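**Q** this is the structure alone, sequence omitted:
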(Lines give C-alpha, C1' and ligand atoms only; values in the text may rest on other atoms or scores of the structure.)
Protein backbone atom coordinates (compact mmCIF):
# COMPACT_ATOMS: atom_id res chain seq x y z
CA UNK A 1 0.00 0.00 0.00
CA UNK A 2 1.16 3.54 -0.69
CA UNK A 3 1.77 6.15 1.98
CA UNK A 4 -1.66 7.39 3.07
CA UNK A 5 -2.63 10.98 2.30
CA UNK A 6 -2.65 13.23 5.37
CA UNK A 7 -4.68 16.46 5.28
CA UNK A 8 -2.60 17.81 8.21
CA UNK A 9 0.67 17.19 6.32
CA UNK A 10 -0.77 18.75 3.17
CA UNK A 11 -1.87 21.86 5.10
CA UNK A 12 1.60 22.14 6.70
CA UNK A 13 3.22 21.91 3.25
CA UNK A 14 0.83 24.54 1.88
CA UNK A 15 1.76 26.99 4.66
CA UNK A 16 5.48 26.29 4.20
CA UNK A 17 5.15 26.79 0.44
CA UNK A 18 3.59 30.21 1.02
CA UNK A 19 6.49 31.15 3.31
CA UNK A 20 8.91 30.04 0.57
CA UNK A 21 7.07 32.28 -1.89
CA UNK A 22 7.48 35.22 0.47
CA UNK A 23 11.21 34.89 1.13
CA UNK A 24 13.05 31.92 -0.39
CA UNK A 25 12.14 32.16 -4.07
CA UNK A 26 12.64 35.96 -4.23
CA UNK A 27 16.12 35.37 -2.73
CA UNK A 28 16.81 32.77 -5.41
CA UNK A 29 15.63 35.02 -8.24
CA UNK A 30 16.17 38.59 -7.02
CA UNK A 31 14.60 41.40 -9.00
CA UNK A 32 12.53 38.98 -11.05
CA UNK A 33 8.78 38.56 -11.12
CA UNK A 34 7.81 34.96 -10.34
CA UNK A 35 4.53 33.21 -11.07
CA UNK A 36 3.80 29.92 -9.32
CA UNK A 37 2.04 26.91 -10.80
CA UNK A 38 1.44 24.66 -7.82
CA UNK A 39 0.88 20.97 -8.45
CA UNK A 40 -1.65 19.80 -5.89
CA UNK A 41 -1.34 16.69 -3.77
CA UNK A 42 -4.71 15.56 -5.05
CA UNK A 43 -4.37 14.05 -8.53
CA UNK A 44 -7.04 16.16 -10.24
CA UNK A 45 -5.89 15.63 -13.82
CA UNK A 46 -3.32 13.77 -15.92
CA UNK A 47 -0.82 16.65 -15.89
CA UNK A 48 -0.75 16.76 -12.10
CA UNK A 49 -0.61 12.98 -11.82
CA UNK A 50 2.43 12.89 -14.08
CA UNK A 51 4.23 15.90 -12.57
CA UNK A 52 3.70 14.96 -8.93
CA UNK A 53 3.25 11.20 -9.05
CA UNK A 54 5.79 10.30 -11.71
CA UNK A 55 8.37 13.12 -11.67
CA UNK A 56 8.21 14.41 -8.07
CA UNK A 57 7.49 17.96 -9.22
CA UNK A 58 5.46 20.11 -6.83
CA UNK A 59 5.80 23.58 -8.32
CA UNK A 60 6.61 25.11 -11.68
CA UNK A 61 8.15 28.56 -11.34
CA UNK A 62 7.72 30.97 -14.24
CA UNK A 63 10.49 33.53 -13.80
CA UNK A 64 10.25 36.73 -15.83
CA UNK A 65 13.77 37.51 -16.95
CA UNK A 66 12.69 40.03 -19.59
CA UNK A 67 12.88 37.46 -22.35
CA UNK A 68 10.03 36.87 -24.80
CA UNK A 69 8.66 34.25 -22.42
CA UNK A 70 9.36 33.53 -18.72
CA UNK A 71 11.88 30.78 -17.93
CA UNK A 72 10.44 27.68 -16.28
CA UNK A 73 12.02 25.96 -13.30
CA UNK A 74 10.49 22.79 -11.90
CA UNK A 75 10.74 22.29 -8.15
CA UNK A 76 10.35 19.44 -5.68
CA UNK A 77 9.53 20.89 -2.24
CA UNK A 78 10.07 19.14 1.05
CA UNK A 79 9.37 20.93 4.32
CA UNK A 80 9.88 19.59 7.80
CA UNK A 81 9.09 20.79 11.28
CA UNK A 82 11.81 22.74 13.07
CA UNK A 83 12.41 19.95 15.61
CA UNK A 84 14.43 18.20 12.87
CA UNK A 85 16.58 21.24 12.03
CA UNK A 86 19.23 20.23 14.58
CA UNK A 87 20.22 17.30 12.34
CA UNK A 88 21.22 19.64 9.46
CA UNK A 89 20.63 16.92 6.91
CA UNK A 90 18.54 16.34 3.83
CA UNK A 91 16.44 13.19 3.76
CA UNK A 92 15.02 11.69 0.58
CA UNK A 93 12.78 8.65 0.49
CA UNK A 94 14.29 5.91 -1.64
CA UNK A 95 12.00 2.90 -1.76
CA UNK A 96 8.49 1.98 -0.59
CA UNK A 97 8.86 -1.58 0.70
CA UNK A 98 5.10 -1.99 1.17
CA UNK A 99 4.42 -1.46 -2.54
CA UNK A 100 7.78 -2.49 -3.98
CA UNK A 101 7.90 0.83 -5.82
CA UNK A 102 10.53 3.56 -6.01
CA UNK A 103 10.03 6.72 -3.98
CA UNK A 104 11.16 10.34 -4.20
CA UNK A 105 14.84 9.77 -5.02
CA UNK A 106 14.13 7.67 -8.11
CA UNK A 107 11.37 10.00 -9.35
CA UNK A 108 13.33 13.23 -8.84
CA UNK A 109 13.17 14.96 -12.22
CA UNK A 110 12.84 18.57 -11.08
CA UNK A 111 15.41 21.28 -11.79
CA UNK A 112 15.57 22.22 -8.12
CA UNK A 113 14.94 20.45 -4.83
CA UNK A 114 13.88 22.77 -2.00
CA UNK A 115 14.37 21.29 1.44
CA UNK A 116 13.56 23.39 4.45
CA UNK A 117 12.24 23.78 7.96
CA UNK A 118 9.01 25.63 8.64
CA UNK A 119 8.11 27.18 12.01
CA UNK A 120 4.33 27.23 12.33
CA UNK A 121 4.40 29.59 15.30
CA UNK A 122 6.36 32.23 13.37
CA UNK A 123 4.76 31.35 10.00
CA UNK A 124 8.25 31.37 8.49
CA UNK A 125 10.97 29.22 7.02
CA UNK A 126 13.83 29.06 9.51
CA UNK A 127 16.28 27.41 7.13
CA UNK A 128 16.18 26.01 3.61
CA UNK A 129 18.49 24.64 0.97
CA UNK A 130 17.87 24.90 -2.74
CA UNK A 131 19.64 21.95 -4.37
CA UNK A 132 20.43 21.40 -8.05
CA UNK A 133 18.70 18.05 -8.64
CA UNK A 134 20.71 16.64 -11.58
CA UNK A 135 24.13 17.37 -10.02
CA UNK A 136 22.89 15.82 -6.75
CA UNK A 137 21.88 12.61 -8.53
CA UNK A 138 25.19 12.53 -10.40
CA UNK A 139 27.14 13.03 -7.15
CA UNK A 140 25.23 10.13 -5.57
CA UNK A 141 25.77 7.78 -8.51
CA UNK A 142 29.46 8.64 -8.83
CA UNK A 143 29.94 8.32 -5.05
CA UNK A 144 31.13 11.93 -4.76
CA UNK A 145 28.80 12.54 -1.86
CA UNK A 146 28.47 10.52 1.33
CA UNK A 147 25.05 9.42 2.56
CA UNK A 148 23.50 7.02 5.03
CA UNK A 149 20.60 4.68 4.30
CA UNK A 150 17.84 4.26 6.91
CA UNK A 151 14.36 2.79 7.24
CA UNK A 152 11.22 4.60 8.37
CA UNK A 153 9.31 1.79 10.08
CA UNK A 154 6.09 3.84 10.25
CA UNK A 155 5.83 4.14 6.44
CA UNK A 156 8.00 1.11 5.59
CA UNK A 157 10.11 3.30 3.30
CA UNK A 158 13.87 3.42 3.11
CA UNK A 159 15.47 6.82 2.78
CA UNK A 160 18.89 8.36 2.48
CA UNK A 161 20.25 11.17 4.60
CA UNK A 162 22.94 13.63 3.49
CA UNK A 163 24.50 16.26 5.73
CA UNK A 164 24.24 19.89 4.70
CA UNK A 165 28.03 20.07 4.86
CA UNK A 166 28.34 17.20 2.36
CA UNK A 167 25.88 18.92 0.02
CA UNK A 168 27.92 22.13 0.14
CA UNK A 169 31.17 20.22 -0.39
CA UNK A 170 29.71 18.48 -3.44
CA UNK A 171 28.77 21.85 -4.95
CA UNK A 172 25.08 21.02 -5.41
CA UNK A 173 23.66 23.87 -3.28
CA UNK A 174 22.22 26.78 -5.26
CA UNK A 175 21.13 28.71 -2.15
CA UNK A 176 21.31 28.23 1.62
CA UNK A 177 18.71 30.39 3.33
CA UNK A 178 18.63 30.97 7.09
CA UNK A 179 16.42 33.16 9.17
CA UNK A 180 18.17 35.04 11.95
CA UNK A 181 15.89 34.16 14.90
CA UNK A 182 16.79 37.28 16.90
CA UNK A 183 16.24 39.81 14.17
CA UNK A 184 13.85 37.61 12.15
CA UNK A 185 15.60 38.61 8.94
CA UNK A 186 16.89 36.35 6.28
CA UNK A 187 20.51 35.47 5.72
CA UNK A 188 21.43 34.03 2.35
CA UNK A 189 24.63 32.17 1.56
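**A** Nice, I can see it. Values in this document were obtained by computation on a predicted structure and should not be read as measured data. Numbering: from 1, shown residues only.
**Q** could you use CA atoms for every contact and neighbour count after this?
**A** Will do.
**Q** so what secondary structure elements neighbour the strand or helix carrying residue 151?
**A** Using DSSP states H and E, residue 151 sits in strand 148-152. Here strand 148-152 touches strand 157-163, going by 3 or more CA pairs under 8 Å, 6 or more residues apart in numbering; DSSP states H and E.
**Q** going by neighbour count, list what's buried in the strand it packs on.
**A** 157-163 (16 or more other CA atoms under 10 Å).
**Q** same for it, what does it pack against?
**A** Counting contacts by 3+ CA pairs under 8 Å, 6+ apart, strand 157-163 packs against strand 89-96, strand 148-152.
**Q** could you check how far the closest residue to residue 93 other than its chain neighbours is from residue 177?
**A** Counting by CA to CA, 6 or more residues apart in numbering, residue 159 is the residue found nearest to residue 93 once chain neighbours are left out, at 4.0 Å. To residue 177, residue 159 is 24 Å away according to CA to CA, to the nearest Å.
**Q** and what of residue 166?
**A** Taken as CA to CA, the span from residue 166 to residue 177 is 16 Å.
**Q** show me which of those two is the more surrounded one.
**A** residue 177 (21 against 17; other CA atoms under 10 Å).
**Q** for that one, give the beta-bridge partners.
**A** Counting by DSSP bridges, residue 177 is bridged to residue 128, residue 188.
**Q** per-residue pLDDT, it?
**A** pLDDT, residue 177: 95.
**Q** and residue 93, how many neighbours does it have?
**A** By other CA under 10 Å, the burial measure for residue 93, its neighbour count, is 19.
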